[in-house]
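**Student:** Prediction below, plus the sequence it came from.
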Amino acid sequence: MRTFAPKIINRQTVNRRIAMKVRVRFAPSPTGPLHIGGVRTALYNYLFARQHGGDMVFRIEDTDSNRFVPGAEEYIREAFAWLGIGFDEGVGFGGEYGPYRQSERREIYKVYVRQLLESGRAYYAFDTPAELEAKRAERPNFQYDATTRMEMRNSLTLPKDEVDAIVSGGGQYVVRFLIEPGQEVHVHDLIRGEVVINSSILDDKVLYKSADELPTYHLANIVDDHLMQITHVIRGEEWLPSAPLHVLLYEAFGWQDTMPQFAHLPLLLKPEGNGKLSKRDGDRLGFPVFPLEWHDPKTGDVSSGYREKDYLPEAVINFLALLGWNPGNDQELMTMDEMTRLFDLSRCSKAGARFDYKKLIWFNHEYILRRDDADIARAFQPMLRAQGVEAPLERITPMVALMKGRVNFVHELWEQAAYFFVAPTEYDEKSLRKWWREDAWTYVSELCDFIGESPEFEGAVLEPKVMEWIASKEWPVGKVMNAFRVTLVGAAVGPHIFALTDYLGKDETLRRARRALEVLPKL
RNA sequence: GGCGCCAUCGUCUAUCGGUUAGGACGUAAGAUUUUCAUUCUUAAAAGCGGGGUUCGAUUCCCCGUGGCGCUACCA
């Protein structure tokens, strides 16, 4: 039973925030490509900031020098540019709270580490990794905390002059947060409500390591969010367990009055099986997990990206937005502006969401329908070129108008509509079996003559004339038209036949039909 | 193992104590069409289990079960 009254301090914070400018941040670690779950987190931050007329800050959390991957930061920026998620401030965007790269803020963190040391909220620890490992091996649930810290090598157990000697002598050390056991720590979460945990289960987290003169995530995060005046921390659920530690840190610094509001988002899960969506799943199951294609500089591995796989960014965004949030009605197709208006943290779900890429494909289809034909044509032109076909946009756009409703991806236009640009040289066997029978040859032959003699070729005029002519011959319309279609397309597929003849023009239409008459048998 | 979060159709979700439990994706059938698609219509499909609270629980509480996360000198 959670019977604890919310802290007064939290109430004040909530009230004060109403008048404060909303500031949120997305703070990735440049250890590789941006994961699709990170994109969703960034999106929610972006929607929230825009809705409140606030700022969105881009911060780079590179406090682990060992895991730095060159190119990752640029990749992340490019991905957001493609997705249409904009930042107001941060690395590459300017702003008054910089630097925004944590590795460039060493001196800032040192000040705050010292403050904690001096106030007795943190202490030096000299245990080597090997010693810690040994402890963990001998005791199954070993944790560096109130129950064990007095048996370790740190500034609480060692004589002061010895501690000073190591620290000033350039010896290796870390600084640990001293957690007082037995406290109720309240985390007020905008999505989950009040989460209360006992501080006794927390360990004395490493806040700073002398080896690279950098803080760990927890310290850097709190210091930066405070200094950058972040008002809302919207992040993945994997951070929930460390939220109490963060609250304690704010209190240790005396910043509890301006502590940001927390919102922990549900995780994105694999489409099948167990666990959260991971890097490997994507290409295994046939969909990307990264916004852009990623070339790993170390291994040389290539991971596919949504952009290269021909997804429209607005489809990816719309799909992602609905994974863990909904506007409360049946509306699913929304522009970024609509989502900005409708977004509401209190309408976010708490349970993890499976990543259903089939639905994403449907979104892509819907957004192709909504895009301008000329836009799609521009995207398709290079694909056409890759197939060896050079065509001006004026020739591509009308094809798009006829065919885009039939595809889920722009590149599928090639499979669906290659015959718009290239005359058939072969004829689909199945189509021939069905439609190239009996009098097919005669139908097409006479139809060619009829069309050839007709002064009008435009479909709107030609169609009724042809229909009338077929009727006068007492021929079956379907058999005539489908035989004709096969000669133009090469198979029994495609758009309305007179839309196609309009596109091809009289000469090309007759050329294709007559060529087929030469090649195909007269039965 | 410890701690935490979570739990409605196969999937994403609506419902803020009283509904024939709604929508979407996917699936199936049908309709339209001179072809193939598209499109449209329809159908099948859900409250994890057990206790409470209540006139009444999918909804509130507890327990169980299950899923997920965290448990580093990584973020």
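**Tutor:** Everything's here; your move.

**Student:** what about the helices in the stretch 1-150 of chain A?
**Tutor:** Remark: helices assigned in the stretch 1-150 of chain A by DSSP state H, counting those that start in this stretch are A:8-19, A:36-51, A:72-83, A:106-118, A:129-138.

**Student:** so what's the residue of the stretch 351-500 of chain A found nearest RNA strand B closest to, chain neighbours aside?
**Tutor:** In the stretch 351-500 of chain A, the residue that lies nearest RNA strand B is A:Met481 (2.6 Å; C-beta to the nearest atom of the strand). Backbone N, C-alpha and C define where each C-beta goes, glycine included. In space, and not counting its chain neighbours, A:Met481 is closest to A:Ile497: 5.7 Å by C-beta to C-beta, 6 or more residues apart in numbering.

**Student:** Likewise for A:Leu219?
**Tutor:** Excluding the flanking residues, the one nearest A:Leu219 by C-beta to C-beta, 6+ apart is A:Leu207, at 4.1 Å.

**Student:** related to what we said a few turns ago, tell me if I'm right that the residue nearest to A:Met481 and A:Val486 touch.
**Tutor:** No. A:Ile497 lies out of contact with A:Val486 (C-beta atoms under 8 Å); the separation is 10.7 Å.

**Student:** more crowded one of these two?
**Tutor:** Set A:Ile497 next to A:Val486 and count neighbours by other C-beta atoms under 10 Å: A:Val486 wins out with 26 against 18.

**Student:** What residues of the strand or helix carrying the more buried one count as buried?
**Tutor:** Following DSSP states H and E, one finds A:Val486 within helix A:477-489. Buried residues in helix A:477-489, counting neighbours by 16 or more other C-beta atoms under 10 Å, are found at A:479-489.

**Student:** which residues touch the residue nearest to A:Leu219?
**Tutor:** Neighbouring residues of A:Leu207 by C-beta atoms under 8 Å, 6 or more residues apart in numbering: A:113, A:116, A:122, A:174-177, A:215-216, A:218-219.

**Student:** can I get the residues you listed in TSV with pLDDT?
**Tutor:** Below are the contacts of A:Leu207 laid out as TSV (pLDDT from 0 to 100):
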residue	pLDDT
A:Val113	97
A:Leu116	97
A:Ala122	97
A:Val174	96
A:Val175	97
A:Arg176	98
A:Phe177	98
A:Pro215	96
A:Thr216	96
A:His218	97
A:Leu219	97
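
**Student:** ok, back up a step: which elements pack onto the helix holding A:Val486?
**Tutor:** Applying 3 or more C-beta pairs under 8 Å, 6 or more residues apart in numbering; DSSP states H and E, we find helix A:477-489 packed against helix A:429-435, helix A:440-453, helix A:459-473, helix A:497-519.

**Student:** of all those, which lies closest to A:Glu272?
**Tutor:** For A:Glu272, the closest of the helices and strands packed on helix A:477-489 is helix A:429-435, at 34.1 Å, according to C-beta to C-beta.

**Student:** Residues touching that closest one, excluding its own?
**Tutor:** With C-beta under 8 Å, 6+ apart as the contact definition, helix A:429-435 has outside contacts at A:479, A:482-483, A:485-486, A:490-493, A:520.

**Student:** so which of those residues comes closest to A:Arg514?
**Tutor:** Minimum distance to A:Arg514 across the contacts of helix A:429-435 is 10.9 Å, recorded for A:Leu520 (C-beta to C-beta).

**Student:** The closest residue to the closest one other than its chain neighbours - how many residues pack around it?
**Tutor:** Spatial nearest neighbour of A:Leu520, excluding adjacent residues (C-beta to C-beta, 6+ apart): A:Trp436 at 6.0 Å. If you count neighbours by other C-beta under 10 Å, A:Trp436 ends up with 22.

**Student:** show me what contacts A:Trp436?
**Tutor:** Per C-beta under 8 Å, 6+ apart, neighbours of A:Trp436: A:427, A:483, A:486, A:520-521, A:523.

**Student:** can I get those in JSON lines with distance to A:Glu394?
**Tutor:** Converted to JSON lines, those look like this (distance: C-beta to C-beta, whole Å):
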{"residue": "A:Tyr427", "distance to A:Glu394": "29"}
{"residue": "A:Ala483", "distance to A:Glu394": "31"}
{"residue": "A:Val486", "distance to A:Glu394": "28"}
{"residue": "A:Leu520", "distance to A:Glu394": "32"}
{"residue": "A:Pro521", "distance to A:Glu394": "38"}
{"residue": "A:Leu523", "distance to A:Glu394": "40"}
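
**Student:** Least confident of these?
**Tutor:** Among the contacts of A:Trp436, A:Leu523 carries the weakest pLDDT, at 74.

**Student:** That one contacts A:Glu438, doesn't it?
**Tutor:** Yes. Using C-beta under 8 Å, A:Leu523 is in contact with A:Glu438, at 6.4 Å.

**Student:** chain center to the helix or strand that A:Val316 is a member of: distance?
**Tutor:** Taking DSSP H and E as the definition, one finds A:Val316 inside helix A:313-321. In terms of C-alpha atoms, centre = their mean, to the nearest Å, the centre of helix A:313-321 is set 8 Å apart from its chain centre.

**Student:** other SSEs contacting it?
**Tutor:** Counting contacts by 3+ C-beta pairs under 8 Å, 6+ apart, helix A:313-321 is packed against helix A:36-51, helix A:72-83, helix A:336-342, helix A:357-370.
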